[in-house]
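Visitor: when you get a sec, could you give me coordinates for this:
(2 chains)
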Amino acid sequence: MRILFAYVVYQSMPLGDPFSSGAMILSNKIAPGKLQEIVSDTKSDNLLRPPLLPISQMIPNSEAALTYQDQNKPNGIANVVNLTFFSKEKFIEILPWIVFPCLLLYAAGIGLPVVLPILLFLSIGSRTLYNSQGYIHHGYQMLSLILVAQTVVVLWHAIRGDWREAFGLRKAEPRHGRTVWDWMIRYSQWMIVICYVIAGVIKPIRSDGEWFKNSHYIGIQVVKTHRQNYYSDLDPKWDIPEPQVAKFMLKDHPNLVRIFLSCGVMLEIFAFLALYNRFLSLAIGFSLVLFHYFNDLMMGLYFYGNEKLDWIFLINIPFWIWWLFLRRRVKQEQEVGEIEPAAAV
Amino acid sequence: MDGLFGLIAVVSLIGWIATRYSIWCLPFIVSLAILAEDDFYPLSYFPMYSDPNESENYLYVAEWKDDPATYEPIPIHQFTGLSAPKVKKMWKSYRRDFADDLHKKDTQLTPAETNEIAGILLKEFSKVANNKGSQLPDHLALVEVWIEATEKGGWTETTTVLGYLPAEKAVPQDKPIAEPAAAGL
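Guide: Numbers count the residues shown, from 1 in each chain, chains lettered A, B, ... in the order given. So this is what the prediction gives:
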């Protein structure tokens, strides 16, 4: 789990070249042009979707380096700290030398009280600078919140628990039935479901309770998204005078659309039930992945970062492989469906 | 509403500290995020699609040559790395700040003030393009389109030019230029 999370954190870091095109460079050495061919064609890029992500989102590319020389519309910590150093050439050069050792140590579980605050600062700092240009991007809040949660848990454990365990110098022992890793995972799961709950509850609040009645008007937003996608690059693929999805929502089946979209909002509001047990975690995690897929399909609205975190922390494939094939072999009983101590604590 | 969420946040925090039940972090962070809106990364109230109604707008950047009334859209993302949704978000943000400086609501801005903000924003786009090593055309227009649902389940699209760059070369105007609506469906 922590290796996969380290991988997603790597993908979110603004390391620039050669890391932002690292997969292409690697693949060109093995099969020149093949990967480029796959990811540049929408159909082949989405070959595994659903349920998996587009191939371009799974390959080891980091984010591009930041190029912002000022922060005209400061957001969050940018109100007190000048974060433009994230765009300075020298900092971009040394950034991989900070990020890679931290991620390796994180994956190995060593030095977390030092490593996590560094990763947290890099994540919040770079994304805050990005969001301080007059537009807000909503792709990485969940990841940064998970880093916040893990940092707080590990620092708390270093101060109030056993600092040797927190630094990975001693095997983590359960306290009140849970190790420090259990707590880190539990609070990471909380951060994920909290993001969905926020997105769910804000809808009836901001629309004065009219969201469910007006939800078919999202067809208008679909038209807007098509137009915006077209005018960004003048891509003829998006030059569609009457998008079929919008027609379906506004004219053909507005009531069906209201029901379908309301199910999505209910899923967001009740996402916290995923923490009740592993079965619900799997079911809700998978439903959220499908929810993202339909958002992408219908509105071109994608949150690949959030999908990856759903796969890692809610669906948790490695656990189910273990449960299906290895559980009996290691003779370790773990009743699935039973309330875990964490759900009760 | 802010008071209610402030109260929930405080009660949740007290409950969390007193009981150590992790579930308290749910109402605590949800309330905090709703209060923070989008002003304190990594907190966000994720406002996308939260208030659907019968009208919505989008913006694009266009180039004009001799006559400002005749313009052609340009692929702004290729020049600046800014997509059309970001152009709209920047427009809203610049408009709100401009209105705040004048101590009025952004809905009360005059057409002349709107033109001025559009000019500022177009200059900013040129700067962003330069930082990326590309060059935007000299003559630019910021165009807004309103999509409105019709009673029959279709929609109309109405185009308005918000402002030009360079403003002095463009046709002086008392109000933004509105074009005839394009009907959908």
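
Visitor: use CA for all of it now, contacts and neighbours both
Guide: Will do.

Visitor: I'd assumed B:Asn57 was in a strand, is it?
Guide: Yes: counting by DSSP: H, G, I helix; E, B strand; the rest coil, one finds B:Asn57 located in a strand.

Visitor: for it, which non-adjacent residue is spatially closest?
Guide: B:Trp146 (4.3 Å; CA to CA, 6 or more residues apart in numbering or on different chains).

Visitor: which residues does whichever helix or strand that neighbour is part of contact?
Guide: For B:Trp146, the element it lies in under DSSP states H and E is strand B:140-149. Strand B:140-149 has contacts (CA atoms under 8 Å, 6 or more residues apart in numbering or on different chains) with A:217, A:220, A:223-224, B:54-64, B:68, B:71, B:118, B:122, B:155-166.

Visitor: tell me how far the helix or strand following that strand is from the chain's mean position?
Guide: Heading C-terminal from strand B:140-149, the first helix or strand you meet, by DSSP H and E, is strand B:155-165. The chain centre lies 14 Å from the centre of strand B:155-165; the measure is CA atoms, centre = their mean, to the nearest Å.

Visitor: export strand B:155-165 as CSV, just CAs?
Guide: Extracted C-alpha coordinates of strand B:155-165, given in CSV (Å, rounded to 0.1, in the frame of the first residue of the first chain):
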residue,chain,number,x,y,z
TRP,B,155,-30.5,25.6,-25.4
THR,B,156,-29.4,28.8,-27.0
GLU,B,157,-25.9,30.3,-27.0
THR,B,158,-25.3,34.1,-26.9
THR,B,159,-21.9,35.5,-27.6
THR,B,160,-20.5,38.7,-26.1
VAL,B,161,-17.1,40.3,-26.5
LEU,B,162,-15.9,41.4,-23.0
GLY,B,163,-12.9,43.4,-24.1
TYR,B,164,-10.0,43.8,-26.6
LEU,B,165,-6.3,44.1,-26.6
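
Visitor: buried ones among the contacts of strand B:140-149?
Guide: A:217, A:220, A:223-224, B:54-64, B:68, B:71, B:118, B:122, B:155-165 (16 or more other CA atoms under 10 Å in any protein chain shown).

Visitor: just to revisit the earlier point, count the residues that sit near the residue nearest to B:Asn57.
Guide: Residues lying near B:Trp146 (other CA atoms under 10 Å in any protein chain shown) number 17.

Visitor: any idea what it is bridged to?
Guide: Legend: beta-bridge partners of B:Trp146 under DSSP bridges are B:Asn57, B:Thr158.

Visitor: so who does A:Leu273 touch?
Guide: Contacts of A:Leu273 by CA under 8 Å, 6+ apart are A:Leu280, A:Ser281, A:Ile284.

Visitor: next one: B:Asp51
Guide: So B:Asp51 contacts A:Lys203, A:Arg206, A:Ser207, A:Trp211 (CA under 8 Å, 6+ apart).

Visitor: swap in 10 Å and give it another go.
Guide: A:202-212, A:214-215, A:217-218 (CA atoms under 10 Å, 6 or more residues apart in numbering or on different chains).

Visitor: could you do B:Ala129 as well?
Guide: B:Ile76, B:His77, B:Gln78, B:Phe79, B:Thr80, B:Gly81, B:Leu82, B:Lys123, B:Gln135, B:Leu136.

Visitor: okay, and which of the residues you listed map to strands?
Guide: Judged by DSSP state E, strands contain none of the contacts of B:Ala129.

Visitor: among those, name the buried ones.
Guide: B:Ile76, B:His77, B:Phe79, B:Thr80, B:Gly81, B:Leu82, B:Lys123, B:Leu136.

Visitor: now render the residues you listed as TSV, adding distance to A:Glu173 and pLDDT.
Guide: Listed next are the buried ones among the contacts of B:Ala129 as TSV, based on distance: CA to CA, whole Å; pLDDT from 0 to 100:
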residue	distance to A:Glu173	pLDDT
B:Ile76	55	93
B:His77	52	93
B:Phe79	55	91
B:Thr80	52	90
B:Gly81	49	88
B:Leu82	49	89
B:Lys123	59	92
B:Leu136	60	88
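
Visitor: can you report how many residues neighbour the residue of chain B at minimum distance from chain A?
Guide: With CA to the nearest CA, the shortest gap between chain B and chain A falls at B:Phe40, namely 3.8 Å. Close neighbours of B:Phe40, defined as other CA under 10 Å, add up to 18.

Visitor: thinking it is in contact with A:Leu145, fair?
Guide: No: using CA atoms under 10 Å, B:Phe40 is not in contact with A:Leu145; the gap is 11.9 Å.

Visitor: please report how far A:Gly177 lies from chain B.
Guide: 14 Å (CA to the nearest CA, to the nearest Å).
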